[in-house]
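J.: sequence below, structure please.
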Amino acid sequence: MGASVIPATSGTASDNWVLISSVSPTASSATVTFSSIGSYKKLMLRMEAPAQTSNTAADTRLTFNADSGSNYTLMSGYAYSNTGTARVGLIPRTGYMQLTNQVGSAEAISVSAMLIINEVNTTGAKTISGYTVNSLTSSAYYYPNAIGTYFASAAITSLTLTLSTGTYSGTGTVALYGVAA
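T.: As a prediction, the model looks like this:
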């Protein structure tokens with residue numbers, strides 16, 4: 001048998017992601033903000049294990065343009081590593097998109113994530129897809145198929161990650177990439 005060959009398409013299709021900014025969350029801060037984002041058609045948010053201070057139990061929340069309205073929804077399939085339990089849930093929130101689940105007990109946590117945000121430079125709804133993983137002291141919570149919508153009336157110009165309680169411990173990185181419009 002010969003090797004499989006994927007036929008080439010006519011023209012070139014490439015996203016050409018560029019790094020907009022990368023930060024290490026500051027110890028004792030509960031937020032990371034990217035502002036004055038500029039004109040991009042897509043954004044990619046990458047979280048590489050920014051850790052919370054120990055003995056906190058917090059959600060990681062994503063807000064666009066400081067919008068505190070009822071414009072966020074996230075649908076996610078998720079599983080708990082310590083129980084093997086898998087679930088699917090729609091998570092509408094007012095004022096933010098919930099990226100990670102608050103744990104029942106206070107444990108140290110770090111988060112890894114990759115989210116793609118489409119239609120960033122338009123005035124309509126933005127679609128979000130990707131994954132998040134909460135790594136806890138005793139287990140992990142996986143959100144491998146997160147999809148959502150941000151119902152907006154303006155292009156995205158800022159993005160903020162906020163912990164519901166506690167602060168970051170000053171480790172890990174959060175990076176924002178974009179595809180030019």
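J.: in the protein, what helix or strand scores lowest on average pLDDT?
T.: Least confident helix or strand of the chain, by mean pLDDT, DSSP states H and E, is strand 86-93 with a mean of 63.
J.: how about stretch 111-128: buried residues?
T.: 111, 112, 113, 114, 115, 116, 117, 119, 120, 121, 126, 128 (16 or more other C-beta atoms under 10 Å). C-betas here are computed from N, CA, C, even on glycine.
J.: so which residues of this structure form strands?
T.: 18-23, 31-34, 40-51, 60-64, 72-80, 86-93, 97-98, 109-118, 126-136, 140-150, 159-163, 173-180 (DSSP state E).
J.: where among those is average confidence lowest?
T.: Per-segment mean pLDDT for those reaches its minimum on strand 86-93, at a mean of 63.
J.: for residue 33, which non-adjacent residue is spatially closest?
T.: In this structure, residue 33 finds its nearest non-sequential neighbour in residue 160, 4.5 Å apart by C-beta to C-beta, 6 or more residues apart in numbering.
J.: thinking again about what came up before, and the buried residues of stretch 111-128, which is closest to residue 99?
T.: Ranked by distance to residue 99 (C-beta to C-beta), these are led by residue 113 at 6.3 Å.
J.: distance check, the closest one against residue 157.
T.: Residue 113 sits 21 Å away from residue 157, going by C-beta to C-beta, to the nearest Å.
J.: check residue 99 too.
T.: For residue 99, the distance to residue 157 - C-beta to C-beta - is 20 Å.
J.: of the two, give the one with the bigger neighbour count.
T.: residue 99 (26 against 16; other C-beta atoms under 10 Å).
J.: check what pLDDT residue 30 gets.
T.: Residue 30 is given a pLDDT of 84.
J.: looking at it, it is touching residue 162, isn't it?
T.: Yes. With contacts counted by C-beta atoms under 8 Å, residue 30 reaches residue 162, the gap being 6.0 Å.
J.: which of the buried residues of stretch 111-128 lies closest to residue 59?
T.: Nearest to residue 59 out of those is residue 111 (C-beta to C-beta; 10.3 Å).
J.: how about the closest one, what does it touch?
T.: 47, 49, 50, 60, 99, 100, 132, 133, 134, 135 (C-beta atoms under 8 Å, 6 or more residues apart in numbering).
J.: in the sheet, who's paired with it?
T.: residue 134 (DSSP bridges).
J.: how near is it to residue 123?
T.: From residue 111 to residue 123 the distance is 30 Å (C-beta to C-beta).
J.: and if you look at residue 70?
T.: Distance from residue 70 to residue 123, by C-beta to C-beta: 18 Å.
J.: turn the contacts of residue 111 into JSON lines, including distance to residue 17.
T.: What follows is those, written out as JSON lines (distance: C-beta to C-beta, whole Å):
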{"residue": "47", "distance to residue 17": "16"}
{"residue": "49", "distance to residue 17": "20"}
{"residue": "50", "distance to residue 17": "20"}
{"residue": "60", "distance to residue 17": "22"}
{"residue": "99", "distance to residue 17": "20"}
{"residue": "100", "distance to residue 17": "24"}
{"residue": "132", "distance to residue 17": "19"}
{"residue": "133", "distance to residue 17": "21"}
{"residue": "134", "distance to residue 17": "25"}
{"residue": "135", "distance to residue 17": "25"}
